[in-house]
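Colleague: Build the 3D model from these lines:
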Amino acid sequence: MALLQIRVGDQWRGIDTALVTEILDDSKPTPLPRTPDHVLGVLVFRGSAMPVVCMRQSLGVPSTPSSPLVFSRVVVVETDGMRIGWACDQVLDLGVPTPEESVPLDIHELIERVRVRG
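Modeller: Numbering: from 1, shown residues only. Here you go, the predicted model:
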């Protein structure tokens, strides 16, 4: 399985590239009232509203002085008929070698965790 390498705080994680449809640069979601903290808002993506979720908060990764809460990319993932944008700190190109400490993410488990919290 090929993994798209993303940085979440001080951690490197991997997302199955088969689930990734696009990587958006510098996208600012529109906040929604009365949503959980991990939901940053929505983006209009290919004509439809897409929720954007904070990967850090979903994984329980705190903001630290060495890694402040600043999102540079939104990774668009499609699975089980759903499209979700995951805000993360950094995305490595697919040609860049995988950091040894990278941990693969189970996107399905993460989606269920977000559903339960939200």
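
Colleague: Quick check: which element contains the most centrally placed residue in the chain?
Modeller: Taking CA atoms, centre = their mean, the centroid of the chain lies closest to residue 86, which sits 2.3 Å from it. Take DSSP states H and E as the rule and residue 86 turns out to sit in strand 82-88.

Colleague: ok so, going back, where's the residue nearest to the centre of the chain relative to residue 54, distance?
Modeller: Using CB to CB, to the nearest Å, residue 86 is found at 8 Å from residue 54. Where C-beta positions appear, they are placed from N, C-alpha and C, glycine not excepted.

Colleague: ok, back up a step: ok, now which ones touch the residue nearest to the centre of the chain?
Modeller: Residues near residue 86 by CB atoms under 8 Å, 6 or more residues apart in numbering: 6, 15, 52, 53, 55, 58, 74, 75, 76, 77.

Colleague: helix or strand for the fourth one, which one?
Modeller: Looking back up the chat, that one is residue 53. Using DSSP H and E, residue 53 falls within strand 48-54.

Colleague: just the first one next, same as before
Modeller: Following DSSP H and E, the helix or strand that holds residue 6 is strand 3-8.

Colleague: Can you dump the C-alpha atoms of that strand in CSV for me?
Modeller: In CSV, the C-alpha atoms belonging to strand 3-8 read as follows (Å, rounded to 0.1, in the frame of the first residue of the first chain):
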residue,chain,number,x,y,z
LEU,A,3,1.1,6.1,1.7
LEU,A,4,0.8,9.8,1.4
GLN,A,5,3.0,11.2,4.2
ILE,A,6,1.5,14.0,6.3
ARG,A,7,2.8,15.8,9.4
VAL,A,8,0.4,16.2,12.3
